[in-house]
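Asker: no FASTA, just this:
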C-alpha cells in the first residue's frame, strides 16, 4: 500500500488543485497509468500510479486544493483498508488537558465535521455568489456540499434580481477559470502591496534591427526583439545585483542566479516560463528556449523550474509603444518592451534622421530600489542594446 502525494509542481508553490480523477475508488490501476490531473498557478500536471493495484481512497476530490507532498490518495491491493486521512490541523492529543475526556473529543469532532461539510471549491464559489453554504443540503458523498449545490442555490437569487430581468439577452456571463482567478488575485495583491514606480527610456535599435534582419534572412534560426531584450536584461542584471532580487517581509534577498521570466499570453490568461541562467546562455539558446517555453505554456505542459528573479514582458508585437507593467512578486522589477517604430531622432552633430526607436519601461518596487538605482539599470540595458552589432558575436558564443 502506497500513498499518492500531491507533486512538487514548482519552487515556492505550496499547493495545487486537483482538476480530475481518471479513476474512482475501487478501480484497478496499472503502474505508470495516469490517474489524475492537478493544476498549479503555472500549468497542469499529470499524476502516474507508482504501482499496480486498486485505488483504495481519495483524500482530495476534484476541485479541491491540496498541499504539495501531502497524501491525496492511496493505492494498494483489493481488500486492504486504507488509513484515514491525516489532517495538518488535527489537534495534538498530548496537548489536551488530562480531564478533557470524551466531551472535548466530541467538540473537536463536531468542529472538524463542520469544516469538512463543504468542499473548498464550493466555499469559494459561495463567497463569490453571496450564498450561505451552511444552510444548504449537500448532494456530495456523505452529504458534503459541492459546487453544484451552491450553483443551484444561487440560481433563484439571480433569476429574481432586477439586473437579471432587464439584462440584454446578448449578455454572456463567463465565470473566472482557476488560472484567471489566480492571476487576478496575484495582480491585485501586487498592485495593493507594492509601492510601484515606473521610468522609461527610448532606445535606438537601428543597428540591432539591421543585424536581426540580416541574421533572420539566413533562415537557420529566427531571433526576436524580445529575445534580444531578454539577453540584454540578463547581462545588465549580472552587473546590477540589487535588481536581481526578491523582496521578503523582513529582508531583500539578492539572488545568485539570473533567471529571467518571459510573460507569455495563453488562451485564458498569462503564464511566465523561466529562462534559467539567462546571463550564461547565448542569444540562440535564449531564442530556442523562449520558443519551447511559449509552446509548453500554451499547451499546459510547462515544466517546473527555478523561480524567476526578473520578468520581461512585451507588447511591441501588437504595436504598443509603451505601457506600465506590474511587478511580479517577490521580484523587485519588471521590464516592459514596446514596439519598434520609425521616429525622428537627433544625431551627434545636431543632425536629425529617421531611426528605429523602441521605448523600454521599468516597473520597480520602491521598497527595494530607489530611482537612481533603477535609472542606472535601465541605462545599462539601453547602452547594451545600442552597442549592436559589436556584442552580437560575443552573445552568439557565451
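Answerer: Perfect, thanks for sending it. Only a predicted model underlies this, so the values are computations on that prediction, with no experimental measurement involved.

Asker: next helix or strand past the worst-scoring helix or strand of the chain on mean pLDDT?
Answerer: One helix or strand of the chain scores below all others by mean pLDDT, DSSP states H and E: helix 101-115, with a mean of 39. Sequence-wise, the next helix or strand downstream of helix 101-115 (DSSP states H and E) is helix 120-129.

Asker: What is that next one packed up against?
Answerer: helix 147-160 (3 or more C-beta pairs under 8 Å, 6 or more residues apart in numbering; DSSP states H and E). In short, each C-beta sits where N, CA and C put it, glycine included.

Asker: ok and the helix it packs on relative to helix 120-129, angle-wise?
Answerer: 10 degrees (axes from the mean of the first three to the mean of the last three C-alpha atoms, to 10 degrees).

Asker: Name the residues that touch helix 147-160?
Answerer: 63, 119, 121-122, 125-126, 129-131, 133, 136-140, 164 (C-beta atoms under 8 Å, 6 or more residues apart in numbering).

Asker: Can you tell me how far residue 359 is from residue 347?
Answerer: 19 Å (C-beta to C-beta, to the nearest Å).

Asker: Compare these two and say which is more crowded by neighbours.
Answerer: Ranked by neighbour count (other C-beta atoms under 10 Å), residue 359 and residue 347 place residue 359 first, with 20 against 10.

Asker: I'd assumed residue 335 was in contact with the more buried one.
Answerer: No - look at residue 359 against residue 335 with C-beta atoms under 8 Å: they stay out of range, at 11.3 Å.

Asker: Can you get me a residue count around residue 340?
Answerer: Quick note: residue 340 (other C-beta under 10 Å) scores 21 neighbours.

Asker: Which residues does it form beta bridges with?
Answerer: Under DSSP bridges, the beta-bridge partners of residue 340 are residue 358.

Asker: from here on, count from 29
Answerer: I'll keep to 29 as the first residue from here, and by that count the last item is residue 368.

Asker: roughly how far apart are it and residue 312?
Answerer: Taking C-beta to C-beta, one finds residue 368 at 21 Å from residue 312.

Asker: what do you get for residue 250?
Answerer: 10 Å.

Asker: quick one, which of the two is more surrounded?
Answerer: Neighbour count, other C-beta under 10 Å: between residue 250 and residue 312, residue 312 has more, with 16 against 13.

Asker: Residue ranges in the stretch 279-426 of the chain under the pLDDT threshold?
Answerer: Counting by pLDDT under 70, the ranges of the stretch 279-426 of the chain that qualify are 296, 328, 330, 417, 419-422, 424-426.

Asker: Which parts of it are strands?
Answerer: 279-282, 288-290, 292-294, 297-299, 302-303, 338-342, 361-374, 380-393 (DSSP state E, counting those that start in this stretch).

Asker: Over to the stretch 29-178 of the chain?
Answerer: Under DSSP E, counting those that start in this stretch, the stretch 29-178 of the chain gives strands at 30-33, 43-49, 56-57, 62-67, 72-76, 81-86, 93-95, 99-104.

Asker: now the first one: mean pLDDT?
Answerer: Read that as strand 30-33. For strand 30-33, mean pLDDT rounds to 91.

Asker: The residue nearest to residue 244 when sequence neighbours are not counted and residue 241, how far apart?
Answerer: In space, and not counting its chain neighbours, residue 244 is closest to residue 250: 4.9 Å by C-beta to C-beta, 6 or more residues apart in numbering. The gap separating residue 250 from residue 241 is 11 Å, by C-beta to C-beta.

Asker: Also residue 258?
Answerer: 19 Å.

Asker: Compare the two (neighbour count), which wins?
Answerer: residue 258 (28 against 9).

Asker: List the contacts of the more buried one.
Answerer: Per C-beta under 8 Å, 6+ apart, neighbours of residue 258: 288, 290, 303, 306, 314, 318, 340.

Asker: Who are the contact partners of the fifth one?
Answerer: I take that to be residue 314. 255, 258-259, 262, 303, 306.
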